[in-house]
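Student: sequence and computational prediction follow.
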Amino acid sequence: MLVIDTCTWLKIKRLEEEAVILLKDFFYESNLQATHELVAEYKRYLENYLELTKFTIQPVKLESYHDLTDKTLDDADLSIIALARSKENVIVLSDDGAELDVLHFFHVKAFKLSEYMLWLVENDFTNKNSGNKVVKKLREWRNIDQHALKRIMEEINKA
């Protein structure tokens, strides 16, 4: 099961628009999950991009998550955390540092897009060249720092 936050989808869309890589159809082949709160956010920011029929929508209860942390997380972020905690074998893609901190605290498999690209290369879902192009583009957008760029590209090239 794969859950992708809105900000990461926006990056995936931009990568496609800039002809770096096409990932949307690849993700559509996986078991995409979303929550009602996340779908509302998708509709606001990605309505003409995402095919929401490709997602399984799961209801979650947010009441116990509002006081979970002092970090600023909206209902869509909290719903991702609630969904990830309620299901086994969930992988979350998010570039939201606060959300990632909470997900890692709960031992949820959660990756930034750059780290997930490394995983895709290591598992032969994409080639090294594509992985490097994406990571370089993310650095160009200042989504990752220079240290992360170097580390991830070294690992991609070793894969």
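Tutor: Ah, there it is.
Student: going forward, measure contacts and count neighbours with C-alpha atoms only.
Tutor: Noted.
Student: got the domain boundaries for the chain?
Tutor: Using automatic domain parsing, the domain parsing of the chain gives 2-111, 114-158.
Student: report the rounded mean pLDDT for the shortest one.
Tutor: Regarding domain 114-158, the rounded mean pLDDT is 94.
Student: picking up where we left off before, any chance of TSV for the domains of the chain, columns mean neighbour count?
Tutor: What follows is the domains of the chain, written out as TSV (neighbours: other CA atoms under 10 Å):
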stretch	mean neighbour count
domain 2-111	16
domain 114-158	17
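Student: contacting residues for the residue sitting nearest the centre point of the chain?
Tutor: Nearest residue to the geometric centre of the chain (CA atoms, centre = their mean): Leu93, 2.0 Å. For Leu93, the contact set (CA atoms under 8 Å, 6 or more residues apart in numbering) comprises 2-5, 8, 110-113, 116.
Student: among these, which are in helices?
Tutor: Applying DSSP state H to these, the entries found in helices are 8, 113, 116.
Student: mind checking what secondary structure Leu83 has?
Tutor: Recorded secondary structure, Leu83: helix (DSSP: H, G, I helix; E, B strand; the rest coil).
Student: could you list which residues are in contact with it?
Tutor: 35, 58, 60.
Student: output those in JSON lines, with secondary structure appended to each entry.
Tutor: JSON lines is the format used below for these (three-state DSSP):
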{"residue": "Thr35", "secondary structure": "strand"}
{"residue": "Gln58", "secondary structure": "strand"}
{"residue": "Val60", "secondary structure": "coil"}
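Student: okay then, goodbye and thanks.
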